[in-house]
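J.: Only the shape, not the letters, is given here:
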């Protein structure tokens, strides 16, 4: 009887830690998607409207587009210290 209680308790703790891990992964993915949208929205807004913008604004939009790639490792490093 005691072994059944111990096994049941261990199974419950594994489910809780798995859910915490899944929630952390979902939160990290949500942050990455939001940053992606923030960085790429100016580029797509300019591209879809077909507006002619000055060269400095175009350079800023392109840099923001590339800056997203730099932010992904930083986001993962803050969310996962072992990364």
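T.: Happy to help now that I have it. Quick caveat, the model's predicted, so the values are computed rather than measured. Numbering: from 1, shown residues only.
J.: For the spatially most central residue of the chain, which three-state class applies?
T.: The C-alpha lying nearest the average C-alpha coordinate of the chain belongs to residue 32 (Cα atoms, centre = their mean; 2.2 Å). Following DSSP: H, G, I helix; E, B strand; the rest coil, residue 32 is assigned to helix.
J.: That one contacts residue 74, doesn't it?
T.: No. At 10.5 Å, residue 32 does not count as touching residue 74 under the criterion of Cβ atoms under 8 Å. For every residue, glycine as well, the C-beta is placed using N, CA and C.
J.: Could I get the full set of helices for this protein?
T.: Using DSSP state H, the helices of the chain run over 2-49, 55-79.
J.: Mind putting those helices into JSON lines with mean pLDDT?
T.: Formatted as JSON lines, these follow (pLDDT from 0 to 100):
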{"stretch": "helix 2-49", "mean pLDDT": "78"}
{"stretch": "helix 55-79", "mean pLDDT": "89"}
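J.: Residue 61: neighbour count?
T.: Residue 61 has 19 neighbours, counted by other Cβ atoms under 10 Å.
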